[in-house]
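> How does the following fold in three dimensions:
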Amino acid sequence: MSLISSFLGFRVFLFMFLLVWVTKGQNVNLFRQTEQLGRRKFFNVMDYGAVEGGVTDNSQAFLKAWKDACQWKGRAKVLIPRGLFKLFPVVFSGPCNGPIAFLIMGTLRASTDPSTFNSENWINFRYLEQLTVAGGGTLDGQGSLVWPHNNCNNGPCRALPISLSFYFVTNATVAHLRSYNSKMAHIKVYGCNKMDFTKLRLSAPGDSPNTDGIKIGNSYRIRISRSVISTGDDCIAILAGSREIHISKIFCGPGHGISIGSLGGYGNENDVEGVYVKDSGLKGTTNGLRIKTWAKSHPLKVSKIIYDNIVMTDVMNPIIIDQNYCPNPPCNQQVTSNVQISGVTYNNIRGSSSSKEAVILKCSRTSPCKNIVMNNIKLSLNGTGSFASSYCENAVGVSYGTQNPRPCI
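A predicted model of the protein is given here:
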C-alpha cells in the first residue's frame, strides 16, 4: 500500500513540476512580448538620408523612417531634428504595430512648385491609432507664393494642399506645433475619433484666401484647447457629421470666427450634435460665433450647441445664425433652408461689436430655429458704451439676465 501511495505521490509531483515548467515558459514569452511592446525606439530621419537645408526634397527619407517605425512592436518615435527640411506631399499610413509619435523639432518647408501638388494634402496621417504629433517644430506652408492661384471667386480653380490632415485616426494628440502661411487650411480632421489638439499656433494674414485654422468633419469627440489661431478664414470650422466637439481657451483673430457650417449643401451630410465653445476670446474677426447654412439646402439637424464665457473685442457680427448663407452672390433668396437648428445656448457673451447689429438670428421660414437661449449678453458698439441692436427672423427662444443689445426673442 505504501508503495502504491509513493508511486501516486511521485506522479502528482511530476505533473505539478511539468505544469510549473510549462507555465513559466509561457510567462517568460509573455514577459518578453510585454517588454517589447513597452520598449521605446527612435527613428531619426537623418539616418534614412534626410538632408537639412531646405533645398532637397526629403519625402522618401521620411517615408522610410515611418515604415520602420510603424513596423516596430513597441513605442516608436519618428524624429525630425532641428533644422530646415524641404518636404513634398507625403502620406503616413497605418495601421502600425504599436503607439507611434511623429516628433517635429525642426522646420518643415512645403514646395511651391505646382507640379508637386498631386494631392489635396501636404502632410497626411491616416488609418492610425495612438498617434502623437508634437515636438515644438514648425510647418512652413509657403502659401504667400501661391495664394494668387487660389482665388476661386472668379470661377473653378485647383485646390491647394492643406498643411496637416488626419483621416480615420483614433486616440491621438497633436500638441506644441506652429503652422504658418498654409496654402489652404492649416489642419483638417475627417472621420476621426477622440483626438486632442492643444498648444498650437496657426497663423496667416487676415486677407489670405481659404486659410481655415482647423476644419472638422464626420468626427467624434474632438477637443481643441489653449491655442492661438490668426488666419484668413474660419479659425475653427465645424462641418457636417461633427459630434461632441469641445473648444476651450482659444484666441481667434484675425479670421472669420468660430463657425458651424456651412451646412446643407450636399445630400449625404450627417447631423451636427454637441458643440461646446467656452472660455475663449475673439478679436477683430469678421464674424464671432456663427452658424451658417445654405438657403437651398438638404434636410439636416444642428442641436445641443453651447457657447459659454466668450469675450469679443471689436468683432463684426459677434452672434450670428445665417440660414441664407451666400458667399458668392447673386443667390436665390426666395428658397428657404431645410436645416433645423435647435437647442443653442449663448451664456455670458460680452465685449464690443464693430457692427451695429451685434446679434443676428436669421433663421429658416420652413424650419425656424427653436429652443434658443440668451443669458447675460453684454455687447456694446465699438466698446464706446453705445447701444448695439439685435435682429431676429423665424427664431423662437427665451432671454435671461442682462441683455445688451435688447433681445429680439
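> Quick one: mean pLDDT over stretch 318-329.
What stretch 318-329 shows for mean pLDDT is 90.
> Give me the residues contacting that stretch.
153, 261-262, 282, 287-295, 312, 331, 333, 336-337, 339, 341, 344, 346, 349, 351, 353, 358-364, 369, 377, 379, 395 (CB atoms under 8 Å, 6 or more residues apart in numbering). All C-beta spots, glycine's among them, are computed from the backbone N, C-alpha and C.
> on contacts alone, who are the packing partners of whichever strand or helix holds R178?
Following DSSP states H and E, the helix or strand that holds R178 is strand 162-180. Counting contacts by 3 or more CB pairs under 8 Å, 6 or more residues apart in numbering; DSSP states H and E, strand 162-180 is packed against strand 121-134, strand 138-140, strand 187-190, strand 193-203.
> Tell me the buried residues within the contacts of stretch 318-329.
261-262, 282, 287-295, 312, 336-337, 339, 341, 344, 346, 349, 351, 353, 358-364, 369, 377, 379, 395 (16 or more other CB atoms under 10 Å).
> quick one: which of those residues sit in helices?
Under the assignment DSSP state H, these contribute nothing to helices.
> Narrow those to those in strands?
Applying DSSP state E to the buried ones among the contacts of stretch 318-329, the entries found in strands are 261-262, 282, 289-294, 312, 339, 341, 344, 346, 349, 351, 353, 358-362, 369, 377, 379, 395.
> just the helices in the protein please.
Applying DSSP H to the chain gives helices spanning 2-38, 59-71.
> ok, of those, where does mean pLDDT dip lowest?
Lowest mean pLDDT of the helices of the chain: helix 2-38, a mean of 45.
> mean confidence for stretch 267-277?
96.
> Output the below-cut-off pLDDT ranges for the stretch 251-400 of the chain.
Judged by pLDDT under 70, the stretch 251-400 of the chain has its weakly predicted residues at 383-385.
> Please identify the buried residues of stretch 169-181?
For stretch 169-181, by 16+ other CB under 10 Å, it's V169, T170, A172, T173, V174, A175, H176, L177, R178, S179, Y180, N181.
> Now do the contacts for the fifth one.
What that stands for is V174. By CB under 8 Å, 6+ apart, the neighbours of V174 are T132, V133, A134, L164, F166, I187, M195, D196, F197, T198, L200.
> For V228, find the nearest of the helices and strands packed on strand 162-180.
Across the helices and strands packed on strand 162-180, V228 has its closest neighbour in strand 193-203 (5.0 Å, CB to CB).
> neighbouring strands for the closest one, and are they parallel or not?
strand 162-180 (parallel), strand 220-230 (parallel) (DSSP bridges).
> Next, give me the two most distant ones among the buried residues of stretch 169-181.
Using CB to CB, these reach their maximum pairwise distance at T170 and N181, which is 30.0 Å.
> returning to that earlier point: for the helices and strands packed on strand 162-180, please prepare CSV with the additional fields distance to D47 and mean neighbour count.
Shown next, in CSV, are the helices and strands packed on strand 162-180 (distance: least, CB to CB, whole Å; neighbours: other CB atoms under 10 Å):
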stretch, distance to D47, mean neighbour count
strand 121-134, 20, 20
strand 138-140, 22, 20
strand 187-190, 28, 22
strand 193-203, 28, 19
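> Skipping its backbone neighbours, what lies nearest L108 in space?
Spatial nearest neighbour of L108, excluding adjacent residues (CB to CB, 6 or more residues apart in numbering): L87 at 5.0 Å.
> burial measure for the one you found, as a count.
Under the neighbour criterion other CB atoms under 10 Å, L87 is assigned a count of 24.
> which ones are touching it?
Taking CB under 8 Å, 6+ apart, we find L87 in contact with D57, N58, S59, F62, L108, R109, A110, S111, W122, I123.
> so the third one sits right up against F88, yeah?
In other words, S59. Yes: contact criterion CB atoms under 8 Å: S59 and F88 qualify, at 4.4 Å.
> picking up where we left off before, okay, the strands paired with strand 193-203 in CSV with distance to D207 next?
As requested, those are arranged in CSV below (distance: least, CB to CB, whole Å):
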stretch, distance to D207
strand 162-180, 15
strand 220-230, 12
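> got these as a markdown table, with mean pLDDT and distance to S248 columns?
Shown next, in a markdown table, are the strands paired with strand 193-203 (pLDDT from 0 to 100; distance: least, CB to CB, whole Å):
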| stretch | mean pLDDT | distance to S248 |
| --- | --- | --- |
| strand 162-180 | 98 | 15 |
| strand 220-230 | 98 | 5 |
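> That concludes my questions; thank you for your assistance.
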